[in-house]
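Trainee: Sharing a model prediction with you, sequence too.
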Amino acid sequence: GSTLGGAAARTGRYFGTAVSASKLSDSVYTGILSREFTMITPENEMKMDATEPNQNQFSYANADRIVDQATSQGARLRGHTLAWYSQQPGWMQSMEGTALRQAMLNHITQVAGHYRGKIYAWDVVNEAFADGGSGARRDSNLQRTGDDWIEAAFRAARAADPGAKLCYNDYNTDDWNQAKTQAVYRMVQDFKSRGVPIDCVGFQSHFNSNSPVPSNYRTTLQNFADLGVDVQITELDIEGSGTTQADNFRTVTQACLAVPRCTGMTVWGIRDTDSWRASATPLLFDGNGQKKAAYTAVLDAL
Ligand code: XIL
């Protein structure tokens, strides 16, 4: 195919992007979006602060605009995210203990229930492990409700939307030799052995000079897949420009293509100017919406 989505489809994969509801009125943006992408992740609109701004008052208008866009262009949706230490509404940030656990479970039940049948995969839990060499859980109010908060979240999500694939999503889990990667691997292994419902692992894959594409990236994807889960690249962006950046995007694409259970990849925005890290120019289209060398490298590798 001559588009990212079309080329990915030839091997049964999808090619996605993060989308902001506020940009859907930009015709250059929506033109590229509908032409190139077959999966959409709302960049912020399905996060806890967006969907439950006041406790038990749910707000879906901005997320629903993105759902409507996905429907109109025939793209699927990745839900992002049901439980995370960050971008919590203020009322939740000040909660703890049993009340917080119940609030989290209610949030998952309500939001995943609202979108039941419309979501390909949910990032049920995002970024629950600490960086560095400890392999420990990241400290957060959710973690302090008890170590079983992650499996409780997955069970609630399965009950609310039995058709959605349920994923654990994180960053700095790309290098097989990192303690954080190993810790997530052991959690997924444990969940599979005990029948906790988990279907997939998302690798955010935000790469830059401090955190380059590791040489064992494909090995990491394959090792997780060998646990019996799908793997996806969920928030790809790579700092740089020109040939070096293109080579890195090619390496990542080839890694996914080499792993049968790598079912698709998503870039974290369309144009460099849409990026949360715009100064890194980390995406496939320049600020004018023109294809970069990185775009051609990805398309050719698919
Ligand atoms: C980022 C968004 O891109 C920004 O617009 C927002 O201000 C902060 O969050 N890991 C994730 C994403 O899982 O939700 C984050 O998205 C980027 C890092």
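Mentor: Structure received.
Trainee: dump the residue contacts of the residue in the stretch 201-302 of the chain that the ligand sits nearest to.
Mentor: Residue of the stretch 201-302 of the chain nearest the ligand, by C-beta to the nearest ligand atom: Trp276 (3.4 Å). For every residue, glycine as well, the C-beta is placed using N, CA and C. The contact partners of Trp276, by C-beta atoms under 8 Å, 6 or more residues apart in numbering, come to Glu43, Trp268, Gly269.
Trainee: what does Ile270 give?
Mentor: Thr17, Val19, Tyr29, Ile32, Leu33, Leu283, Leu284, Phe285, Gly289.
Trainee: try it again with 6 Å
Mentor: By C-beta atoms under 6 Å, 6 or more residues apart in numbering, the contact set of Ile270 is Thr17, Ile32, Phe285.
Trainee: Same question for Ile40.
Mentor: Per C-beta under 6 Å, 6+ apart, neighbours of Ile40: Val19, Ala70, Ala75, Leu77.
Trainee: Among the residues you listed, which one sits closest to Ala293?
Mentor: Nearest to Ala293 among those, counting by C-beta to C-beta, is Val19 at 23.6 Å.
Trainee: what about that closest one, distance to Ile238?
Mentor: Distance of Val19 to Ile238, computed by C-beta to C-beta, to the nearest Å: 19 Å.
Trainee: before we move on, what about Tyr120?
Mentor: 24 Å.
Trainee: hang on, the earlier thing: could you look up the SS state of the residue of the stretch 201-302 of the chain closest to the ligand?
Mentor: Trp276 falls in the coil class when you classify it by DSSP: H, G, I helix; E, B strand; the rest coil.
Trainee: Got phi/psi on it?
Mentor: Dihedral pair for Trp276: phi -70, psi -20, per degrees, to the nearest 10.
Trainee: Could you point out which residue ranges in the stretch 151-300 of the chain have low pLDDT?
Mentor: Along the stretch 151-300 of the chain, no part satisfies pLDDT under 70.
Trainee: Give me the number of neighbouring residues for Ser238.
Mentor: Not quite, residue 238 is Ile, not Ser. Neighbour count of Ile238, defined by other C-beta atoms under 10 Å: 26.
Trainee: How about the contacts made by it?
Mentor: Ile238 neighbours (C-beta under 6 Å, 6+ apart): Phe207, Gln245, Asn248, Phe249, Pro282.
Trainee: who touches the last one in this structure?
Mentor: What that stands for is Pro282. Asp237, Ile238, Glu239, Ser275.
Trainee: before we move on, what about Ala160?
Mentor: Taking C-beta under 6 Å, 6+ apart, one finds Thr109, Ala112, Gly113 in contact with Ala160.
Trainee: if you go through this protein in chain order, where are the helices?
Mentor: 4-9, 27-36, 48-51, 61-73, 90-93, 97-114, 149-160, 179-194, 217-225, 242-257, 293-301 (DSSP state H).
Trainee: The residue sitting nearest the centre point of the chain and Gln204: what is the separation?
Mentor: Among the residues of the chain, the one closest to the centroid is Thr234, at 3.7 Å (C-alpha atoms, centre = their mean). To Gln204, Thr234 is 6 Å away according to C-beta to C-beta.
Trainee: quick revisit: top of the contacts of Ala160 by neighbour count?
Mentor: Neighbour max across the contacts of Ala160 (other C-beta under 10 Å) = Ala112, 24 neighbours.
Trainee: per-residue confidence for that residue?
Mentor: At Ala112, the model reports a pLDDT of 98.
Trainee: Leaving out the residues flanking it, which one is nearest to it?
Mentor: Nearest non-adjacent residue to Ala112, counting by C-beta to C-beta, 6 or more residues apart in numbering: Ala160, 3.7 Å away.
Trainee: check contacts around Ile150.
Mentor: So Ile150 contacts Val125, Ala128 (C-beta under 6 Å, 6+ apart).
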